[in-house]
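Participant: Sequence and computational prediction follow.
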Amino acid sequence: MLANLRGGIQGRTGSAPQKAAFAPARRGCAHARTGGRRTTVVVRADGGDFYDLLGVPRSADKKTIKQAYRQKARKFHPDVNKDPGAEDLFKKIGEAYEVLSDDNKKAIYDKYGEAGLKGGMGGMGGGPGVEFTNPFDLFESFFGGNMGGMGGMGGMGGGMGGFSQRARNRAVPGEDDKVDLQLDFLEAVFGCSRELDVDRLTGCDECETTGVRKGTTPSTCPQCQGTGQVVSAVRTPLGTFQQVSLCPRCEGSGQISQPCTKCQGDGRVRETKRISLKVPAGVDAGSRLRVRGEGNSGRRGGEPGDLYVYITIKDHPELRRDGITIHSDVEISYVDAILGTQVKVTTVDGPVELKIPPGTQPGTTLLMAKRGVPRLGSPNVRGDHMVHVRVRIPKSLSADERKLVEELKELQSKTKVGPFRF
């Protein structure tokens, strides 16, 4: 019977168990008419293959996938299809389209299945996974927030009131914000705590975030008659089509009001807030730290955005950094290079004595193990410190120095070691 639903909703009762990566199926009931009587069938909102949900083959191109989504989304939109389980199926159809219409997500899904999208397989590197778009927002991007102007849907105009109301009253998330933070070299290596003054939009206490002037009440928008939408007719060679868009006067709210004197009707005001930020050890230049919920406040009860902190790092006078490896230079005389010596090297842990072995050649690199930068996310794992040795050759010698070098040269010649090279 499920085949009559045309859309790849597969009845899997009594079939082999689903892959462990999928969540347990939520079941609802849809109805199909068979031989004049109403029969109840099971609608599975998830646990099915994305290609089956849209009713397309795995070789389908983007145009076919898009057409299939439009048909399925209109059919199972909860304001059109009142059967139990229709809304869950509508959401899953939106997820299927979002994945199959994106080349990168589709490649991950084809290789690892839904578990790969959730970050549970190698395809996503074990990360947090894909964050899907709100299915109703995705639907609105196709149909403009209303289906009344779509061909074949004219008889459903009476059922769109709930959808229009939901679109107008839906909470709007706040925008993300960003701030730049410059750290000292050692602060980035070992981490630190900082206090940041962030200028952001917060809820207006004068109007309690409504944007309406205190002591006044909103009235119905005269342009859209409270629907939040305006309909215009567009003539094409195929006939006249209706185009639905947000009302420009009330911006889709369906109401007009006197704006709050403090926030000018936005429901938010710009204020400065001090937040505490813990910078983890091992951050590098170009790193971005995310502070959840510290961005701009949302509208109509929407979630606040996030704050992104972009890191820059001051240069160190002696040390250079390459990932978790530290580099520095040390200069010694040619005599010390021949005889060997011990020098004091600046490291991120402070001055450390380093032994230069006899016969060290110019350009030699000496390793100081585990004196580098802690690995980000694994502070117990540290990189190394690479010391690059430079041998200082004098451009001029005193008479005594020249005499000693010549004696050394003569001695080297007698031992038949060959010419002595500095």
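Facilitator: Thanks, I have it.
Participant: Beyond the helix or strand of the chain with the lowest mean pLDDT, next helix or strand please.
Facilitator: The weakest-scoring helix or strand in the chain, judged by mean pLDDT, DSSP states H and E, is strand 37-44 (a mean of 40). Moving toward the C-terminus from strand 37-44, the next helix or strand (DSSP states H and E) is helix 50-54.
Participant: Which elements pack onto the next helix or strand after that following helix?
Facilitator: Next in sequence after helix 50-54, counting helices and strands by DSSP H and E, comes helix 62-76. When contacts are defined as 3 or more C-beta pairs under 8 Å, 6 or more residues apart in numbering; DSSP states H and E, helix 62-76 sits against helix 50-54, helix 86-100, helix 135-143. Just so you know, the C-beta spots here come from the backbone N, C-alpha and C atoms, and that holds for glycine as well.
Participant: what's the angle from helix 62-76 to helix 86-100?
Facilitator: Going by axes from the mean of the first three to the mean of the last three C-alpha atoms, to 10 degrees, helix 62-76 is angled at 170 degrees with respect to helix 86-100.
Participant: Give the buried residues for helix 62-76.
Facilitator: Ile65, Ala68, Tyr69, Lys72, Ala73, Arg74, Lys75, Phe76 (16 or more other C-beta atoms under 10 Å).
Participant: Enumerate every residue touching the third one.
Facilitator: Okay, so that is Tyr69. Listed by C-beta atoms under 8 Å, 6 or more residues apart in numbering, the contact set of Tyr69 reads Leu54, Ile93, Gly94, Ala96, Tyr97, Ser101, Phe142.
Participant: For these, which PyMOL command selects only the ones that are buried?
Facilitator: In PyMOL, this line selects whichever of these come out buried by 16+ other C-beta under 10 Å:
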select buried, resi 54+93+94+96+97
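Participant: Among the contacts of Tyr69, find the lowest-pLDDT one for me.
Facilitator: Least confident by pLDDT among these: that is Phe142, with 67.
Participant: about what we covered before: quick one: which of the contacts of Tyr69 is nearest to Glu401?
Facilitator: Nearest to Glu401 out of the contacts of Tyr69 is Ser101 (C-beta to C-beta; 77.6 Å).
Participant: Would you list the phi and psi of that closest one?
Facilitator: phi -90, psi -10 (degrees, to the nearest 10).
Participant: Turn the buried residues of helix 62-76 into TSV, including pLDDT.
Facilitator: Shown next, in TSV, are the buried residues of helix 62-76 (pLDDT from 0 to 100):
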residue	pLDDT
Ile65	92
Ala68	91
Tyr69	91
Lys72	88
Ala73	86
Arg74	85
Lys75	87
Phe76	87
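Participant: which one of those residues sits closest to Gly340?
Facilitator: Using C-beta to C-beta, the buried residues of helix 62-76 come closest to Gly340 at Ile65, 70.9 Å.
Participant: Apart from its chain neighbours, what residue comes closest to that closest one?
Facilitator: Leu100 (5.0 Å; C-beta to C-beta, 6 or more residues apart in numbering).
Participant: List the residues that contact that neighbour.
Facilitator: Leu100 neighbours (C-beta under 8 Å, 6+ apart): Phe50, Tyr51, Leu54, Val56, Ala60, Ile65, Lys106, Tyr109.
Participant: ditto for Lys273
Facilitator: If a contact means C-beta under 8 Å, 6+ apart, then Lys273 has Asp197, Val198, Arg200, Thr202, Glu294 as its contacts.
Participant: List only those of those flagged as buried.
Facilitator: Buried among these by 16+ other C-beta under 10 Å: Val198, Arg200, Thr202, Glu294.
Participant: Of the residues you listed, which is the nearest to Ala285?
Facilitator: Val198 (21.2 Å).
Participant: Lys370 versus Ala233, what's the distance?
Facilitator: Distance, Ala233 to Lys370, using C-beta to C-beta, to the nearest Å: 74 Å.
Participant: which regions of the stretch 151-300 of the chain lie under the pLDDT threshold?
Facilitator: Low-confidence segments of the stretch 151-300 of the chain (pLDDT under 70): 151-170.
Participant: ok, 90 please
Facilitator: The stretch 151-300 of the chain contains residues with pLDDT under 90 at 151-173, 207-212, 214-215, 217-218, 223-257, 265-267, 298-300.
Participant: thinking again about what came up before, okay if I get the helices and strands packed on helix 62-76 as CSV plus distance to Met386?
Facilitator: Converted to CSV, those look like this (distance: least, C-beta to C-beta, whole Å):
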stretch, distance to Met386
helix 50-54, 49
helix 86-100, 45
helix 135-143, 51
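Participant: between these, which gets nearest to Asp315?
Facilitator: helix 86-100 (43.8 Å).
Participant: Which member of the buried residues of helix 62-76 is positioned nearest Val345?
Facilitator: Ile65 (60.7 Å).
Participant: Tell me who's in contact with that closest one.
Facilitator: Leu54, Val56, Tyr97, Leu100, Ser101.
Participant: And Leu397, by the same measure?
Facilitator: Residues in contact with Leu397, defined by C-beta under 8 Å, 6+ apart, are Val405.
Participant: hmm, back to that, and Ala233 and Lys370? Which one has more around it.
Facilitator: The neighbour comparison of Ala233 against Lys370 (other C-beta atoms under 10 Å) goes to Lys370, with 12 against 9.
Participant: Provide the secondary structure category for the more buried one.
Facilitator: Using DSSP: H, G, I helix; E, B strand; the rest coil, the structure places Lys370 in coil.
Participant: so where do the helices sit in the stretch 201-350 of the chain?
Facilitator: Ranges of helices within the stretch 201-350 of the chain are 334-339, based on DSSP state H, counting those that start in this stretch.
Participant: Please enumerate the strands of it.
Facilitator: Applying DSSP state E, counting those that start in this stretch to the stretch 201-350 of the chain gives strands spanning 219-220, 229-236, 239-246, 255-256, 268-279, 288-291, 307-313, 320-322, 325-333, 341-347, 350-356.
Participant: Out of those strands, the one nearest Asp184 is which?
Facilitator: strand 307-313 (7.7 Å).
Participant: Report the buried residues of the closest one.
Facilitator: Applying 16+ other C-beta under 10 Å to strand 307-313 flags Leu307, Tyr308, Val309, Ile311, Ile313 as buried.
Participant: roughly how far apart are the residue nearest to Ile65 and Phe139?
Facilitator: Leu100 is 16 Å from Phe139, where distance means C-beta to C-beta.
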